[in-house]
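S.K.: my questions concern the predicted model and sequence given below.
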Amino acid sequence: MKTDIKALTIEELNTAVKELSLPSFRAKQIYKWLHETGCTSFDEMTNLSKDLRNKLSDIFYISCCEIEDKYVSQLDDTVKYLFRLTDGEYIESVIMKYKYGYTICVSSQVGCKMGCTFCASTLAGFKRNLTAGEIESQIHAAQKDLGVRISHIVMMGIGEPLDNYSNVLAFLSNVNNENGLNIGMRNITISTCGIVDRIYDLMERDLQLTLTISLHAPNDEIRSKTMPVNNKYPIDTLLKACREYGEKTGRRVSFEYTLIKNVNDSESNALELASKLKGSLCHINLIPVNDVEERGNVRSSREDIIKFQNILKRNGINATIRRTLGADINASCGQLRHLKKKG
Ligand code: SAH
């Protein structure tokens, strides 16, 4: 079994270079090829000798994302890619254009084990974690194809990033490196369904990224019915971790709340949510539930959504309604899915 060289952090690559008895400057050269240029083969590394390239390819492989399909939204220029990985598995990624630049929504796993009842990503089950190289390759492949520089990352694609914690940390270290994509931590958002132990681990790292929590319910009764993770980490435990996260890192945690008709969108749900979040400096993003055919959830009416938002605001909670992008290409929140490997 070869190792994905693109999954190594600069520290790990330095060690690997030392173990191969190579001069230490080689590590930086190789790192730049992988992370700045986005090489997909050792043959592209033209300042390395043929011998060295062969030696590297005996031990390592370079993960990459091949474009299997590409969908462009006619409504808002959002682009969705279906990428094929080296082992034939598939993942999806979405690129959105904002006034401030391009944002990519990356996947962190092939499939998902979290089982949220409104989400498409979990329908075909969980297959495996992505390597740090595979998470990053989504950015390189999209940048190359679109001919643009991506400046912001949201980890809101398929999978639960905190369930693939160490690979996600390696990915963050690589995209943040000045000899790689050099994307600032403040331009990176991690979304989690609420794996509290990992939130505490992340807190210790004191990174300047944005942490956002998929909350989607004001109490344990509704949350446990729709999000199985709540059985392990109930809502009060989760919110306590979020408060501590904010205090420790100085970064305000934000929340996502998907509005589903007759499930979590009543006035009393809004009041209960406001009282749960009272006193914490937070922002809540309301997402009208997106259609996932197999799930059959119904979107709350525009009127109910605005009513919900106003109750939160009246109670001192900062709330916005998320604009839906890529609706015509199934590229919106919760619509990305793990397709079965062909053949
Ligand atoms: N596993 C992580 C990352 C996924 S992010 C997490 O749970 O946060 C995708 C976001 O879209 C999450 O907030 C998710 O709960 C939300 N989502 C899932 N299905 C949705 C749907 N049908 N409509 C709107 N949002 C949805």
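M.R.: Looks like it came in fine. Residues are numbered from 1 along each chain as shown.

S.K.: and the residue in the stretch 201-343 of the chain that the ligand sits nearest to, how many neighbours?
M.R.: The stretch 201-343 of the chain approaches the ligand most closely through Gly334 (1.9 Å), counting by CB to the nearest ligand atom. All C-beta spots, glycine's among them, are computed from the backbone N, C-alpha and C. When neighbours are defined as other CB atoms under 10 Å, Gly334 has 23 of them.

S.K.: tell me which helix or strand the nearest residue to it once chain neighbours are set aside sits in.
M.R.: Excluding its sequence neighbours, the residue lying closest to Gly334 (CB to CB, 6 or more residues apart in numbering) is Cys119, at 4.4 Å. Counting by DSSP states H and E, there is no helix or strand that carries Cys119.

S.K.: so what's Cys119 scoring on pLDDT?
M.R.: You'll see Cys119 listed with a pLDDT of 95.

S.K.: got the residue ranges for the strands in the stretch 201-343 of the chain?
M.R.: Ranges of strands in the stretch 201-343 of the chain, per DSSP state E, counting those that start in this stretch, are 210-214, 254-259, 283-288, 318-321.

S.K.: contacts for the second one next, please.
M.R.: Among residues not part of strand 254-259, those counted as contacts by CB atoms under 8 Å, 6 or more residues apart in numbering are 118, 191, 210-216, 264-265, 273, 277, 282-289, 299-300, 304-305, 308, 322, 333-334.

S.K.: correct me if wrong: the residue nearest to Gly334 contacts Cys112.
M.R.: Yes - using CB atoms under 8 Å, Cys119 makes contact with Cys112 at a distance of 7.4 Å.

S.K.: rewinding a little: return the residues in contact with the residue of the stretch 201-343 of the chain closest to the ligand.
M.R.: Counting by CB under 8 Å, 6+ apart, the residues that Gly334 touches are Cys116, Phe118, Cys119, Ala120, Ser121, Thr258, Val289, Asn290, Val292.

S.K.: filter the residues you listed down to the buried ones.
M.R.: The neighbour count (16 or more other CB atoms under 10 Å) marks Cys116, Phe118, Cys119, Ala120, Ser121, Thr258, Val289, Asn290, Val292 as buried among the contacts of Gly334.

S.K.: give me the subset of these touching the ligand.
M.R.: Checking these against the ligand by CB under 6 Å from any ligand atom, the ones in range are Cys116, Phe118, Cys119, Thr258, Val289, Asn290, Val292.

S.K.: using JSON lines, please lay out those together with distance to Val79.
M.R.: As requested, those are exported to JSON lines (distance: CB to CB, whole Å):
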{"residue": "Cys116", "distance to Val79": "25"}
{"residue": "Phe118", "distance to Val79": "24"}
{"residue": "Cys119", "distance to Val79": "21"}
{"residue": "Thr258", "distance to Val79": "23"}
{"residue": "Val289", "distance to Val79": "23"}
{"residue": "Asn290", "distance to Val79": "17"}
{"residue": "Val292", "distance to Val79": "20"}
